[in-house]
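J.: sequence first, predicted coordinates after that:
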Amino acid sequence: LFWLPRAKVAFMAAHETNSIANGALAEGIHGVRTVQSLERQHVNFDLYDEKVLANLNAHLTSAKYAQVMVPIVDTLTGIAMATVIVVGGSMVLSHSLDIGVMVAFLFYIQRFFDPIRSLTMQYSVMQRAMASGQRISEVLDVPVDVSDRHGAVALSRDMDGSVEFRNVTFGYRPNQPVLKNISFRVNPGETVALVGPTGSGKSSSMALVHRFYDVWSGEVLVGGHDVRDLTQDSLGDQVAMVLQEPFLFSGSVLENIRYHKTSASREEVVRAAQAVGAHDFIENLPDGYDTELEQRGGNLSLGQRQLISFARALVADAKILVLDEATASIDSYTEMLIQKALITLLEGRTGLVIAHRLATIRGADRIIVLQNGEIVESGNHEQLMARKGLYARLYNMNYASFDDISEGELELDAAVGKAT
């Protein structure tokens, strides 16, 4: 009762401080260029030294609790054996006990305490494992918010590819909606761009299409079906996403391109890479498509990683393609290559494009302008320019991105939009 509660706390503290120290080390290594450029080496070393010292002290404390029971058992064993020797020895000297009986009792005591000593050592190990298991259980016990409801149907590959939002309200925190009663429809084969300032709800809208979250109210329909009535596997097969920061996995280029569709042949992968303009640089890699990529594709440039992610989306052969800021962090030349890749990628598919750059937006069939979670404008480039609203104001001021406009100008345009 005295040892167990304190031992649990000590073992848990040791694991927590170990995680904190390892996390700080990994963060420092990944951000080494930033650390060096800001001359933070000595400051970070001192901060890390504090975390490592706390980790050392926590492990020393846990080691004390882990080993304290062994000397106690050894002491009890020694006391019992000494008692037998003193009492038994006097009885042997008085000829009331044979010496063989006394020796047998000594062996009995040793055989009695050996298993207890072993159990004590194993119990300490078990308590350490239970502390680790508790942290794993905390993660595994997190409730799943989004799951297939009873009777969910599979989305057919023959569905038309339409996407529709009907009076959708959604947010991440109670009473703080990110999207406020928005409604729009994307017709089959149409490319629609969602634009607006940061925090206007563009990425949240796309997350709802893939059903990463459930709406608070309203409906999100894909192929005419509410996404909550569809199985997540079938929905994922028909919705391909290309994110702002492409994530590549350790493995070959070939494996990364067919990550979504592992059954794709090498010829399909090559055709997809050629279509998006990635084939030439892949062929120039040491082993071509069999070149092993470093963690997160670190041996490729950002533009090359993005082109591979486009090829991956093309191989997936989904009816709906979601591009979330896919050209936000690349140079102009790479953006030109990606613009060409987009034409191929969106051919015959329904496209939902989130973008700030006007070059990416202008070619869309329709542009939806979001602000503060509401749709303030909708139409193609020419129609929005004629309305002289937020989109036209931004375009005429020659901003490169919707994030370049000031808060004051955004508020002015919002007031003008409500007045009209």
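T.: Right, received. Where do you want to start?
J.: CA only for contacts and neighbour counts going forward, please
T.: OK.
J.: how about the secondary structure of the most centrally placed residue in the chain?
T.: Central residue of the chain (Cα atoms, centre = their mean): residue 247, 10.4 Å from the mean position. Counting by DSSP: H, G, I helix; E, B strand; the rest coil, the backbone at residue 247 sits in coil.
J.: OK, contacts around it?
T.: By Cα atoms under 8 Å, 6 or more residues apart in numbering, residue 247 lies in contact with 296-297, 305, 309.
J.: change it to 7 Å
T.: residue 296 (Cα atoms under 7 Å, 6 or more residues apart in numbering).
J.: quick check, pLDDT for it.
T.: For residue 247, the model assigns a pLDDT of 82.
J.: check residue 51 too.
T.: Here, the pLDDT recorded for residue 51 equals 91.
J.: got it, and residue 419?
T.: 46.
J.: now swap in residue 184 and tell me
T.: Reported pLDDT for residue 184: 90.
J.: just to revisit the earlier point, for the residue nearest to the centre of the chain, grab phi and psi.
T.: The phi/psi pair for residue 247 (degrees, to the nearest 10) reads phi -110, psi 120.
J.: neighbours around residue 324, how many?
T.: 21 (other Cα atoms under 10 Å).
J.: didn't it look like it was pressed against residue 243?
T.: Yes - using Cα atoms under 7 Å, residue 324 is in contact with residue 243, at 4.8 Å.
J.: now residue 10. Nearest residue, chain neighbours left out?
T.: Spatial nearest neighbour of residue 10, chain neighbours left out: residue 62 (4.9 Å); criterion: Cα to Cα, 6 or more residues apart in numbering.
J.: let me know whether the one you found touches residue 11 as I believe.
T.: Yes - between residue 62 and residue 11 a contact is recorded at 5.3 Å, counting by Cα under 7 Å.
J.: relative to residue 293, how far out is the residue nearest to the centre of the chain?
T.: Separation of residue 247 from residue 293 (Cα to Cα, to the nearest Å): 11 Å.
J.: cool, residue 22 as well?
T.: In terms of Cα to Cα, residue 22 sits 24 Å off from residue 293.
J.: all helices of the stretch 201-350 of the chain, in order?
T.: Secondary structure of the stretch 201-350 of the chain (DSSP state H, counting those that start in this stretch): helices at 202-209, 232-238, 253-257, 266-275, 279-283, 302-316, 332-346.
J.: quick check: residue 377 touching residue 366?
T.: No - checked against Cα under 7 Å, the pair residue 377 and residue 366 is beyond contact range at 10.5 Å.
J.: so residue 180: helix, strand or coil?
T.: strand.
J.: let me know the secondary structure of the closest residue in space to it that isn't next to it in sequence.
T.: Spatial nearest neighbour of residue 180, excluding adjacent residues (Cα to Cα, 6+ apart): residue 169 at 4.7 Å. Following three-state DSSP, residue 169 is assigned to strand.
J.: any idea how far residue 169 is from residue 203?
T.: Counting by Cα to Cα, the separation of residue 169 from residue 203 is 14 Å.
J.: repeat that for residue 19.
T.: 31 Å.
J.: so between the two, which is more surrounded?
T.: More crowded of residue 19 and residue 203, by other Cα under 10 Å: residue 203, with 18 against 14.
J.: show me what the lengthiest helix in the chain is packed up against.
T.: The longest helix of the chain (DSSP state H) is helix 99-140. In terms of contacts (3 or more Cα pairs under 7 Å, 6 or more residues apart in numbering; DSSP states H and E), helix 99-140 is packed against helix 3-30, helix 69-93.
J.: let's see 6 Å
T.: Packing partners of helix 99-140 (3 or more Cα pairs under 6 Å, 6 or more residues apart in numbering; DSSP states H and E): none among the helices and strands.
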